[in-house]
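>>> A structural model of the following input is requested.
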Amino acid sequence: MEASGHEGGRGLRRNAIGLPGLIAQSLGVTAPEISAVVIAAVVASRVGGFVPGAFWVAGIGAIGLALIYGRMARYVPSAGGTYAIVRAGLGRDVGFFSGWTLLAVGIIFVPGLLIAAAFLLQNFFGLVTPGTPFLSHAWWGWALLLAAAVFAVSWLGIQISARILLALTAIGVTMLLILDIIILAKGGAHGWAWGSLAPWNNHGTFGFGFFALGVGIAMTGFSGFETAVFLAEEAHTPRKEVPKAVLGAIALAVIFYIVTTFSITTGYGLTDAAKHWPSDSGGAVVGLSAQYAALWFGKVLLLVLAVSSFASALGTANFTTRTAFAWGHDGYLPAAFGRTHRRFKSPSVAISVLMAITVAVCLVGLAWQGRTINDAVTFFSWLLQVGATGILPVYALVGIAGFVHSRKFGGTVIDWLVAPILTVVVVGVAEVTEFYGQTGIYKWAPYVMLGWMALGILIRLATRGRVESAERQAEELQPELA
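Okay, the predicted model is just below:
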């Protein structure tokens, strides 16, 4: 039987999670319900009713990236996940840079997603029980309660976490698909919006520049599909199951995004989608449900979006703490980060530190932006932009690492040419969108991440010689990193 990661799992529980749980981890972080409604609303602000076209084009780039992850996961089954893959392909220095950036992305996304869940819960209870102030007016209270829930589930181990992710994601996706079917069955506002899939056929309204920006934003909706690779040391037969999970997750995500965005566009109508979807955002599910199904169903879907955001925060905490765990073993963080709980085999030190930072970020947001639901939306959007600015260059490094690794070890033309080109091109377009046309606090959000990256380079230059022996020891234990 194939070993689950490294000998002994380096303290993590071996053979703890199978293929369904790995797919749930990847889809849970991707949060397909949120991406197909909320992020898609941002795409609609750029491309109008042609959101489905932007998502299927972005999906091509995401599939290219998934092919690279799937191949590399067979060679590098490590809790370091993306960091370990980049290090194996491009060396220690670039590996350090990717891990440094990934830690920042996780630290930013976990509180950001919890804040999103909090204000969505505010919206839900504002509709259901408007007379209850705490339930409908205190995003910070919801965020802290949800942070405690993430901490507890993460602490109890990956098996419980995976089961919760699987259940929540399955329920959320099923509920949205029901709305999709109802809208399509009733023919939408003006019949099925086939033109939304091929905007270049609408020469009077199609603009390549704005469509490229829409594709870039849509690409951020796929982020997280790869996070099954971080559970390699806890998976059954990781060299077989992790690649299947990554490719399976991206296939399901692409299909779901196209179907759901097409249904929502059909529900609004191609022209009205451009007018109303960007401002409605998550509320789109309420309005469309009231029009095509029932208002109560829309309220339930709003709750589903909140639960999806919580699930994404839980999955993000999983991959962030596994990166910190790997760094504790590889010499970049104190060795304490490489410890696991004696009973639950979870990276308890990393989880505790992440939760402390999460609480601090929520309190900073409360002091900086304020208590209202609009303040929470603003802070979440700012955090999302900072994190996206970091994850996209890391994806580009994965594409380049896949190219280098496949040239060395005999990959196919898809491995060393097609998949890397698709990845780098689409991810590059997505990164440009983070700097284009931003105003207010969003204008400098990308530069916060660039500052973090620059700091990482300086730290690497200052500590390179000091950690070399630890790096060699890590490579003796994990030859695939060399």
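>>> Spatially central residue for this structure, please.
residue 224 (3.2 Å; CA atoms, centre = their mean).
>>> so what's the backbone phi/psi at residue 235?
The phi and psi values for residue 235, taken as degrees, to the nearest 10, are phi -100, psi 160.
>>> The nearest residue to residue 57 once chain neighbours are set aside - how many residues pack around it?
Setting aside the residues directly before and after it, residue 57 is nearest to residue 215 in space (CB to CB, 6 or more residues apart in numbering), at 5.0 Å. Every residue, glycine included, has its C-beta placed from N, CA and C. Residue crowding around residue 215 was assessed by other CB atoms under 10 Å; the count is 25.
>>> Quick one: the strands in the chain, in order.
Using DSSP state E, the chain contains no strands.
>>> that older thread, the residue nearest to residue 57 and residue 428 touch, don't they?
No: counting by CB atoms under 8 Å, residue 215 does not reach residue 428; the two are 10.9 Å apart.
>>> shouldn't the residue nearest to the centre of the chain be in contact with residue 314?
No: Residue 224 is beyond contact range of residue 314, at 11.5 Å (criterion: CB under 8 Å).
>>> what touches both of these two?
residue 28 (CB atoms under 8 Å, 6 or more residues apart in numbering).
>>> which residues of the stretch 151-300 of the chain score low on pLDDT?
203-206 (pLDDT under 70).
>>> and with 80 instead?
Where the stretch 151-300 of the chain drops to pLDDT under 80, the residues are 200-210.
>>> what ranges do the helices span in it?
158-185, 208-220, 238-268, 270-280, 284-292, 295-330 (DSSP state H, counting those that start in this stretch).
>>> and those helices as JSON lines, adding distance to residue 436?
Formatted as JSON lines, the helices of the stretch 151-300 of the chain follow (distance: least, CB to CB, whole Å):
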{"stretch": "helix 158-185", "distance to residue 436": "29"}
{"stretch": "helix 208-220", "distance to residue 436": "6"}
{"stretch": "helix 238-268", "distance to residue 436": "22"}
{"stretch": "helix 270-280", "distance to residue 436": "16"}
{"stretch": "helix 284-292", "distance to residue 436": "24"}
{"stretch": "helix 295-330", "distance to residue 436": "25"}
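>>> out of those, nearest to residue 42?
Closest of the helices of the stretch 151-300 of the chain to residue 42 is helix 208-220, at 5.4 Å (criterion: CB to CB).
>>> starting at the chain centroid, how far to stretch 455-468?
Stretch 455-468 sits 28 Å away from the centroid of its parent chain (CA atoms, centre = their mean, to the nearest Å).
>>> Might you list the low-confidence residue ranges for the stretch 1-150 of the chain?
1-10, 130-137.
>>> 90 instead, please
1-15, 42, 45-46, 79, 122-123, 125-139 (pLDDT under 90).
>>> any idea how far the residue lying closest to residue 217 once chain neighbours are set aside lies from residue 266?
The spatially closest residue to residue 217, leaving aside those adjacent along the chain, is residue 43, at 4.9 Å (CB to CB, 6+ apart). Look at residue 43 and residue 266: by CB to CB, to the nearest Å, they are 16 Å apart.
>>> Same drill for the two, tell me which one is more crowded.
residue 43 (31 against 27).
>>> wait, doesn't the more buried one sit right on residue 53?
No: at 9.8 Å, residue 43 does not count as touching residue 53 under the criterion of CB under 8 Å.
>>> CA atoms only: put stretch 40-51 into CSV for me.
The C-alpha atoms that make up stretch 40-51 are tabulated as CSV, following Å, rounded to 0.1, in the frame of the first residue of the first chain:
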residue,chain,number,x,y,z
ALA,A,40,-19.6,36.8,-10.8
ALA,A,41,-21.4,40.1,-9.9
VAL,A,42,-18.1,41.8,-10.0
VAL,A,43,-17.4,40.2,-13.4
ALA,A,44,-20.8,41.5,-14.6
SER,A,45,-19.6,45.1,-13.7
ARG,A,46,-16.9,44.6,-16.3
VAL,A,47,-18.5,42.5,-19.0
GLY,A,48,-22.2,43.0,-18.5
GLY,A,49,-24.3,40.0,-19.3
PHE,A,50,-21.4,38.1,-20.8
VAL,A,51,-20.3,36.6,-17.4
